[in-house]
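**Q** 3D model of this:
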Amino acid sequence: MLNSRRELGLAAESAVARYLEQHGFSVLARNLRVGRDELDVVARQGPLVVIVEVRTRGVGAFTSAFGSISAAKRLRLRRAGARLWDRQLRDDPSIERLRFDAASVRFIDGAPQVEYVAAAF
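**A** Have a look, this model is predicted:
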């Protein structure tokens, strides 16, 4: 049983990492600090690098997990992605592009259910 918000978040990120690996991605980083921002999951598939924002919500939540990604949060993620690109990825000739995805994780009877949106923002 997940006892805290932190444990729930880590379990959701682990579920998304497994989901990505099952779909041919290699997970490069989790909880990657880029300046003051944190990227939940960074993964790669061939020349594509994806930054994945992971969200989870309980059954009675007022907003959906995807709906909770505010415009301000999207802006922070894009800035962090630009920093990551400039500092680490730009000079790698095998990387062609960066994409921002989102994942929603619900836990049903303790089992994670992942809903994934590529190029979410």
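**Q** Number of residues surrounding the closest residue to Phe66 other than its chain neighbours?
**A** What sits nearest to Phe66 in space, not counting adjacent residues and going by C-beta to C-beta, 6 or more residues apart in numbering, is Ser104, at 5.5 Å. C-beta: built from backbone N, CA, C; applies to glycine. Neighbourhood size, Ser104 [other C-beta atoms under 10 Å]: 22.
**Q** same question, Ala103
**A** Around Ala103 there are 26 residues (other C-beta under 10 Å).
**Q** Might one say that it is in contact with Pro112?
**A** No: Ala103 is not in contact with Pro112 according to C-beta atoms under 8 Å; the separation is 10.2 Å.
**Q** and the gap between Gly35 and Ala82?
**A** Using C-beta to C-beta, to the nearest Å, Gly35 is found at 10 Å from Ala82.
**Q** And the strands in this structure?
**A** All strands of the chain, identified by DSSP state E, fall at 26-34, 37-45, 48-56, 97-108, 111-117.
**Q** Tell me which residues are up against the longest one.
**A** Contacts of strand 97-108 with the rest of the structure, by C-beta atoms under 8 Å, 6 or more residues apart in numbering, involve 2, 8, 11-12, 15-16, 19, 41, 47-57, 64-66, 69, 74, 77-78, 81, 84-85, 89, 112-121.
**Q** so what's the spatially closest residue to Val52 that is not a sequence neighbour scoring on pLDDT?
**A** Excluding its sequence neighbours, the residue lying closest to Val52 (C-beta to C-beta, 6+ apart) is Val41, at 4.2 Å. Note for Val41: predicted pLDDT of 98.
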